[in-house]
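Enquirer: quick one, fold the following:
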Amino acid sequence: MDGRPVLVSTQYEDPTADLVIAELNRRRVPVLRFDPGRDFPAPALLAARFGTGGTGEAGEAGGPGGTLTLGNRTAELGGVRALYHRRPNTYAPDHHDHPASQNARFVAQENRRGLGGVLGALPDCLYLSHPQAVARAEYKPAQLALATRLGFRVPATLITNDATEAARFCAQQPTVYKPLHAGAYEVDGEPAGIWAAEVAPAEIDDAVGRCAHLFQARVPKSADVRAVVVGERAFCVRITAPPGVLDWRAEYRRLTYEQVDCPAGLDRDLRRFLAEFGLGFGAFDFAVTADGTWWFLECNPNGQWAWLEAAAGPPITEAVADLLESGVAKS
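Expert: Got it, this is the predicted structure:
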(Lines give C-alpha, C1' and ligand atoms only; values in the text may rest on other atoms or scores of the structure.)
Protein backbone atom coordinates (compact mmCIF):
# COMPACT_ATOMS: atom_id res chain seq x y z
CA MET A 1 0.00 0.00 0.00
CA ASP A 2 1.41 3.40 -1.01
CA GLY A 3 1.56 5.98 1.73
CA ARG A 4 1.02 5.52 5.47
CA PRO A 5 -2.13 3.45 5.91
CA VAL A 6 -4.94 3.63 8.43
CA LEU A 7 -5.83 0.25 9.95
CA VAL A 8 -9.53 -0.18 10.72
CA SER A 9 -10.18 -3.01 13.17
CA THR A 10 -13.88 -3.87 13.19
CA GLN A 11 -16.57 -6.38 12.27
CA TYR A 12 -17.58 -6.95 8.68
CA GLU A 13 -20.93 -5.23 9.23
CA ASP A 14 -20.24 -1.85 10.80
CA PRO A 15 -22.10 1.05 9.13
CA THR A 16 -20.31 3.57 11.36
CA ALA A 17 -16.90 2.42 10.19
CA ASP A 18 -18.21 2.33 6.60
CA LEU A 19 -18.83 6.09 6.72
CA VAL A 20 -15.31 6.82 7.94
CA ILE A 21 -13.67 4.48 5.42
CA ALA A 22 -15.64 6.07 2.57
CA GLU A 23 -14.43 9.50 3.69
CA LEU A 24 -10.82 8.31 3.94
CA ASN A 25 -11.11 6.78 0.46
CA ARG A 26 -12.43 10.11 -0.84
CA ARG A 27 -9.31 11.75 0.60
CA ARG A 28 -7.11 9.03 -0.95
CA VAL A 29 -5.84 7.87 2.43
CA PRO A 30 -4.87 4.17 2.19
CA VAL A 31 -6.97 1.90 4.42
CA LEU A 32 -6.64 -1.73 5.49
CA ARG A 33 -9.83 -2.99 7.09
CA PHE A 34 -9.83 -6.28 8.96
CA ASP A 35 -11.52 -8.13 11.81
CA PRO A 36 -8.97 -9.79 14.10
CA GLY A 37 -11.57 -12.21 15.44
CA ARG A 38 -12.49 -13.49 11.96
CA ASP A 39 -9.50 -12.75 9.72
CA PHE A 40 -6.73 -14.09 11.94
CA PRO A 41 -4.95 -16.49 11.72
CA ALA A 42 -6.48 -16.90 8.26
CA PRO A 43 -6.70 -15.28 5.79
CA ALA A 44 -4.62 -12.53 7.44
CA LEU A 45 -0.85 -13.03 7.65
CA LEU A 46 1.28 -11.38 10.33
CA ALA A 47 5.08 -11.06 10.34
CA ALA A 48 6.13 -8.69 13.13
CA ARG A 49 9.79 -8.19 14.07
CA PHE A 50 11.32 -6.80 17.26
CA GLY A 51 14.85 -6.39 18.58
CA THR A 52 18.19 -5.74 16.91
CA GLY A 53 19.71 -9.20 16.52
CA GLY A 54 19.15 -11.77 13.78
CA THR A 55 17.62 -11.12 10.39
CA GLY A 56 14.97 -8.66 9.35
CA GLU A 57 14.36 -5.12 10.48
CA ALA A 58 12.52 -4.13 13.61
CA GLY A 59 10.56 -0.91 13.76
CA GLU A 60 11.89 2.35 15.09
CA ALA A 61 11.60 3.30 18.76
CA GLY A 62 11.33 -0.35 19.72
CA GLY A 63 8.04 -0.86 17.90
CA PRO A 64 7.47 -3.72 15.50
CA GLY A 65 8.68 -3.84 11.95
CA GLY A 66 7.30 -6.27 9.42
CA THR A 67 3.91 -6.55 7.76
CA LEU A 68 0.22 -7.34 8.10
CA THR A 69 -1.31 -8.75 4.92
CA LEU A 70 -4.92 -9.40 4.02
CA GLY A 71 -5.64 -10.46 0.45
CA ASN A 72 -3.74 -8.22 -1.94
CA ARG A 73 -3.24 -5.44 0.62
CA THR A 74 -0.15 -5.24 2.84
CA ALA A 75 0.54 -2.70 5.57
CA GLU A 76 4.04 -1.99 6.83
CA LEU A 77 3.70 -2.10 10.62
CA GLY A 78 6.35 0.54 11.17
CA GLY A 79 4.50 2.96 8.92
CA VAL A 80 0.92 2.72 10.17
CA ARG A 81 -0.56 6.20 10.40
CA ALA A 82 -3.47 5.34 12.73
CA LEU A 83 -5.42 2.43 14.15
CA TYR A 84 -9.19 2.94 14.25
CA HIS A 85 -10.19 0.38 16.88
CA ARG A 86 -13.94 0.09 16.42
CA ARG A 87 -15.82 -3.13 17.20
CA PRO A 88 -13.80 -6.21 16.22
CA ASN A 89 -14.94 -9.69 17.12
CA THR A 90 -13.11 -11.36 20.00
CA TYR A 91 -10.24 -13.63 19.10
CA ALA A 92 -11.67 -16.99 18.12
CA PRO A 93 -10.27 -20.52 18.52
CA ASP A 94 -9.04 -22.42 15.52
CA HIS A 95 -11.96 -24.01 13.67
CA HIS A 96 -10.26 -27.41 13.84
CA ASP A 97 -10.72 -27.52 17.62
CA HIS A 98 -13.82 -27.84 19.76
CA PRO A 99 -14.53 -24.31 21.10
CA ALA A 100 -14.37 -25.51 24.71
CA SER A 101 -11.20 -27.55 24.35
CA GLN A 102 -7.87 -26.72 25.93
CA ASN A 103 -6.31 -26.32 22.48
CA ALA A 104 -9.03 -23.88 21.43
CA ARG A 105 -8.52 -21.74 24.52
CA PHE A 106 -4.76 -21.75 23.98
CA VAL A 107 -5.10 -20.66 20.34
CA ALA A 108 -7.49 -17.82 21.17
CA GLN A 109 -5.20 -16.55 23.94
CA GLU A 110 -2.14 -16.71 21.70
CA ASN A 111 -3.94 -14.80 18.95
CA ARG A 112 -5.06 -12.10 21.38
CA ARG A 113 -1.62 -11.66 22.87
CA GLY A 114 0.16 -12.04 19.53
CA LEU A 115 -1.78 -9.97 16.99
CA GLY A 116 -3.44 -7.93 19.73
CA GLY A 117 -0.09 -7.21 21.32
CA VAL A 118 1.41 -6.12 18.00
CA LEU A 119 -1.51 -3.81 17.25
CA GLY A 120 -1.05 -2.23 20.67
CA ALA A 121 2.67 -1.53 20.10
CA LEU A 122 2.71 0.23 16.73
CA PRO A 123 5.32 3.03 16.61
CA ASP A 124 4.27 6.60 15.78
CA CYS A 125 0.66 5.50 15.44
CA LEU A 126 -2.43 7.46 16.43
CA TYR A 127 -4.85 5.22 18.32
CA LEU A 128 -8.55 5.97 18.16
CA SER A 129 -8.52 4.54 20.69
CA HIS A 130 -5.86 2.19 22.05
CA PRO A 131 -7.45 -1.28 22.47
CA GLN A 132 -6.19 -1.61 26.04
CA ALA A 133 -7.51 1.84 26.94
CA VAL A 134 -10.91 0.91 25.50
CA ALA A 135 -10.95 -2.28 27.56
CA ARG A 136 -10.17 -0.36 30.77
CA ALA A 137 -12.82 2.26 30.09
CA GLU A 138 -15.60 -0.29 29.60
CA TYR A 139 -15.87 -0.86 33.37
CA LYS A 140 -18.81 1.23 34.62
CA PRO A 141 -17.61 1.37 38.25
CA ALA A 142 -14.41 3.04 37.06
CA GLN A 143 -16.45 5.46 34.93
CA LEU A 144 -18.76 6.39 37.80
CA ALA A 145 -15.84 6.93 40.18
CA LEU A 146 -14.00 9.16 37.69
CA ALA A 147 -17.12 11.13 36.74
CA THR A 148 -17.79 11.83 40.42
CA ARG A 149 -14.18 12.90 40.99
CA LEU A 150 -14.32 15.28 38.02
CA GLY A 151 -17.46 16.95 39.31
CA PHE A 152 -20.14 15.49 37.02
CA ARG A 153 -23.61 15.06 38.51
CA VAL A 154 -23.89 11.30 39.00
CA PRO A 155 -27.10 9.58 40.20
CA ALA A 156 -26.87 7.53 43.39
CA THR A 157 -25.78 4.05 42.32
CA LEU A 158 -25.53 0.65 43.99
CA ILE A 159 -23.66 -2.33 42.56
CA THR A 160 -24.46 -5.45 44.55
CA ASN A 161 -25.28 -9.15 44.65
CA ASP A 162 -27.09 -8.74 47.99
CA ALA A 163 -30.88 -8.85 47.64
CA THR A 164 -31.41 -7.17 51.01
CA GLU A 165 -29.20 -4.22 50.05
CA ALA A 166 -30.88 -3.98 46.65
CA ALA A 167 -34.38 -3.91 48.14
CA ARG A 168 -33.33 -1.27 50.68
CA PHE A 169 -31.85 0.91 47.92
CA CYS A 170 -34.96 0.58 45.74
CA ALA A 171 -37.15 1.59 48.69
CA GLN A 172 -35.25 4.84 49.16
CA GLN A 173 -36.03 6.37 45.74
CA PRO A 174 -37.40 5.52 42.28
CA THR A 175 -34.79 3.11 40.92
CA VAL A 176 -33.76 1.66 37.58
CA TYR A 177 -31.80 -1.50 36.83
CA LYS A 178 -29.34 -1.54 33.95
CA PRO A 179 -26.74 -4.11 32.88
CA LEU A 180 -23.07 -3.47 33.60
CA HIS A 181 -22.19 -4.48 30.03
CA ALA A 182 -24.34 -4.34 26.90
CA GLY A 183 -23.17 -7.67 25.51
CA ALA A 184 -24.87 -9.93 22.99
CA TYR A 185 -28.13 -11.43 24.25
CA GLU A 186 -30.73 -13.63 22.57
CA VAL A 187 -34.33 -14.59 23.28
CA ASP A 188 -35.61 -17.67 21.44
CA GLY A 189 -32.65 -17.42 19.09
CA GLU A 190 -33.33 -13.78 18.18
CA PRO A 191 -31.04 -10.86 19.11
CA ALA A 192 -32.45 -8.83 22.00
CA GLY A 193 -31.45 -5.87 24.11
CA ILE A 194 -31.55 -5.49 27.87
CA TRP A 195 -32.88 -1.98 28.38
CA ALA A 196 -32.83 0.10 31.54
CA ALA A 197 -36.02 -0.65 33.47
CA GLU A 198 -37.63 0.70 36.62
CA VAL A 199 -37.61 -1.78 39.50
CA ALA A 200 -39.64 -1.79 42.71
CA PRO A 201 -38.53 -3.24 46.06
CA ALA A 202 -41.11 -6.05 45.80
CA GLU A 203 -39.50 -7.23 42.55
CA ILE A 204 -36.16 -7.93 44.22
CA ASP A 205 -35.60 -11.61 45.02
CA ASP A 206 -32.75 -14.04 45.63
CA ALA A 207 -31.89 -14.08 41.90
CA VAL A 208 -29.92 -10.89 42.60
CA GLY A 209 -27.35 -13.15 44.25
CA ARG A 210 -26.48 -14.85 40.95
CA CYS A 211 -24.33 -11.98 39.67
CA ALA A 212 -23.48 -8.33 40.19
CA HIS A 213 -26.36 -5.93 39.51
CA LEU A 214 -26.33 -2.17 38.95
CA PHE A 215 -29.19 -0.18 40.50
CA GLN A 216 -29.37 3.57 40.03
CA ALA A 217 -31.64 6.37 41.23
CA ARG A 218 -34.01 7.33 38.44
CA VAL A 219 -33.36 10.83 37.12
CA PRO A 220 -36.62 12.76 36.43
CA LYS A 221 -35.43 13.61 32.96
CA SER A 222 -37.11 15.60 30.23
CA ALA A 223 -34.66 14.43 27.54
CA ASP A 224 -31.35 12.66 26.95
CA VAL A 225 -28.16 13.87 25.33
CA ARG A 226 -25.50 11.86 23.56
CA ALA A 227 -22.24 13.80 23.54
CA VAL A 228 -19.70 12.45 21.06
CA VAL A 229 -16.13 13.61 21.62
CA VAL A 230 -13.52 13.17 18.87
CA GLY A 231 -10.12 14.47 19.89
CA GLU A 232 -10.70 18.13 20.79
CA ARG A 233 -14.17 18.36 19.26
CA ALA A 234 -17.48 17.67 21.02
CA PHE A 235 -20.83 17.13 19.30
CA CYS A 236 -23.99 17.03 21.43
CA VAL A 237 -27.40 15.85 20.28
CA ARG A 238 -30.53 16.16 22.40
CA ILE A 239 -32.73 13.05 22.14
CA THR A 240 -36.37 13.40 23.09
CA ALA A 241 -38.50 10.28 23.55
CA PRO A 242 -42.28 10.04 24.02
CA PRO A 243 -43.55 10.57 27.59
CA GLY A 244 -43.07 7.57 29.83
CA VAL A 245 -40.19 6.06 27.83
CA LEU A 246 -37.28 5.35 30.18
CA ASP A 247 -34.70 3.96 27.74
CA TRP A 248 -34.76 5.77 24.40
CA ARG A 249 -33.01 2.88 22.66
CA ALA A 250 -36.27 0.92 22.81
CA GLU A 251 -38.14 3.58 20.78
CA TYR A 252 -35.88 4.61 17.88
CA ARG A 253 -38.80 5.26 15.52
CA ARG A 254 -40.46 7.74 17.88
CA LEU A 255 -37.47 9.91 18.79
CA THR A 256 -36.72 13.49 17.84
CA TYR A 257 -33.23 14.98 17.63
CA GLU A 258 -31.66 18.40 17.98
CA GLN A 259 -28.01 19.40 17.90
CA VAL A 260 -27.22 21.44 21.04
CA ASP A 261 -24.23 23.11 22.66
CA CYS A 262 -22.41 21.72 25.68
CA PRO A 263 -23.01 23.63 28.90
CA ALA A 264 -20.17 25.99 29.77
CA GLY A 265 -17.06 24.05 30.73
CA LEU A 266 -18.55 20.61 30.10
CA ASP A 267 -16.62 20.03 26.87
CA ARG A 268 -13.40 20.53 28.84
CA ASP A 269 -14.54 18.03 31.47
CA LEU A 270 -15.45 15.49 28.78
CA ARG A 271 -11.93 15.72 27.37
CA ARG A 272 -10.47 15.40 30.87
CA PHE A 273 -12.53 12.25 31.38
CA LEU A 274 -11.21 10.72 28.15
CA ALA A 275 -7.63 11.76 28.95
CA GLU A 276 -7.81 9.93 32.30
CA PHE A 277 -8.58 6.72 30.42
CA GLY A 278 -6.18 7.44 27.55
CA LEU A 279 -9.02 7.65 25.01
CA GLY A 280 -9.31 9.79 21.90
CA PHE A 281 -13.03 9.13 21.44
CA GLY A 282 -16.05 8.70 23.67
CA ALA A 283 -19.84 8.65 23.35
CA PHE A 284 -21.30 10.01 26.60
CA ASP A 285 -24.91 9.60 27.68
CA PHE A 286 -26.57 12.20 29.91
CA ALA A 287 -30.07 12.50 31.33
CA VAL A 288 -31.27 16.12 31.26
CA THR A 289 -33.81 17.42 33.77
CA ALA A 290 -36.32 20.22 33.23
CA ASP A 291 -34.03 22.74 34.96
CA GLY A 292 -31.26 21.99 32.43
CA THR A 293 -29.04 19.84 34.67
CA TRP A 294 -27.03 17.18 32.82
CA TRP A 295 -26.68 13.94 34.79
CA PHE A 296 -23.84 11.60 33.80
CA LEU A 297 -24.98 8.06 32.99
CA GLU A 298 -22.06 6.45 31.16
CA CYS A 299 -19.41 6.74 28.47
CA ASN A 300 -19.15 4.19 25.69
CA PRO A 301 -15.54 4.25 24.41
CA ASN A 302 -16.77 2.87 21.08
CA GLY A 303 -20.33 4.17 21.03
CA GLN A 304 -22.46 4.51 17.93
CA TRP A 305 -23.07 7.88 16.32
CA ALA A 306 -23.80 7.40 12.61
CA TRP A 307 -27.57 7.72 12.98
CA LEU A 308 -27.13 11.00 14.88
CA GLU A 309 -25.25 12.51 11.97
CA ALA A 310 -28.08 11.60 9.62
CA ALA A 311 -30.77 12.85 12.05
CA ALA A 312 -29.22 16.07 13.37
CA GLY A 313 -26.23 16.90 11.18
CA PRO A 314 -23.13 16.98 13.44
CA PRO A 315 -20.07 16.39 11.18
CA ILE A 316 -18.68 13.47 13.18
CA THR A 317 -17.49 11.48 10.16
CA GLU A 318 -15.39 14.45 9.08
CA ALA A 319 -13.95 14.85 12.59
CA VAL A 320 -12.97 11.17 12.86
CA ALA A 321 -11.45 11.18 9.37
CA ASP A 322 -9.53 14.38 10.13
CA LEU A 323 -7.95 12.79 13.18
CA LEU A 324 -7.11 9.50 11.46
CA GLU A 325 -5.70 11.26 8.40
CA SER A 326 -3.49 13.49 10.52
CA GLY A 327 -2.04 10.58 12.47
CA VAL A 328 -1.35 13.06 15.26
CA ALA A 329 -3.07 12.94 18.64
CA LYS A 330 -4.52 16.23 19.80
CA SER A 331 -3.29 17.44 23.20
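
Enquirer: what about stretch 82-94, distance to the chain center?
Expert: 12 Å (Cα atoms, centre = their mean, to the nearest Å).

Enquirer: strand partners of the helix or strand that residue 284 is a member of, parallel vs antiparallel please.
Expert: Residue 284 belongs to strand 281-289 when elements are defined using DSSP states H and E. Partners of strand 281-289 in the sheet, by DSSP bridges, are strand 221-230 (antiparallel), strand 294-300 (antiparallel).

Enquirer: as a whole number, average confidence for the next helix or strand after the shortest one?
Expert: By that I understand strand 294-300. Next along the chain after strand 294-300, taking DSSP H and E as the criterion, comes helix 306-312. For helix 306-312, the mean pLDDT works out to 96.

Enquirer: list the buried residues of helix 306-312.
Expert: Applying a neighbour-count criterion of 16 or more other Cβ atoms under 10 Å, one finds 306, 308-309, 311-312 buried in helix 306-312. Glycine gets a C-beta too; all of them are placed from N, C-alpha and C.

Enquirer: ok, stretch 229-239 next?
Expert: Result for stretch 229-239 [16+ other Cβ under 10 Å]: buried residues 229-231, 233-239.

Enquirer: out of those, flag the one nearest to residue 276.
Expert: The nearest member of those to residue 276, counting by Cβ to Cβ, is residue 229 at 12.8 Å.

Enquirer: looking at the sheet around that closest one, what are its partners?
Expert: Assigned bridge partners for residue 229, using DSSP bridges, are residue 234, residue 282.

Enquirer: I'd say residue 234 and residue 270 touch.
Expert: Yes. If you go by Cβ atoms under 8 Å, residue 234 and residue 270 touch, sitting 5.8 Å apart.

Enquirer: tell me how far residue 235 lies from residue 102.
Expert: To residue 102, residue 235 is 47 Å away according to Cβ to Cβ, to the nearest Å.

Enquirer: next: residue 114.
Expert: The value you get for residue 114 to residue 102, if Cβ to Cβ is used, is 18 Å.

Enquirer: more neighbours, the two?
Expert: residue 114 (15 against 9; other Cβ atoms under 10 Å).

Enquirer: pull the number of nearby residues for residue 206.
Expert: Quick note: residue 206 (other Cβ under 10 Å) scores 7 neighbours.

Enquirer: where in the protein is pLDDT low?
Expert: Filtered on pLDDT under 70, the chain yields the residue ranges 1-2, 53-62, 93-100, 183-186, 191-192, 329-331.

Enquirer: try it again at 80.
Expert: Scanning the chain for pLDDT under 80 picks out 1-2, 52-63, 92-101, 182-193, 328-331.

Enquirer: got the buried residues for the lengthiest helix in it?
Expert: The longest helix of the chain (DSSP state H) is helix 102-119. Counting neighbours by 16+ other Cβ under 10 Å, one finds that the buried residues in helix 102-119 are 104, 107-108, 111-112, 115-116, 118-119.
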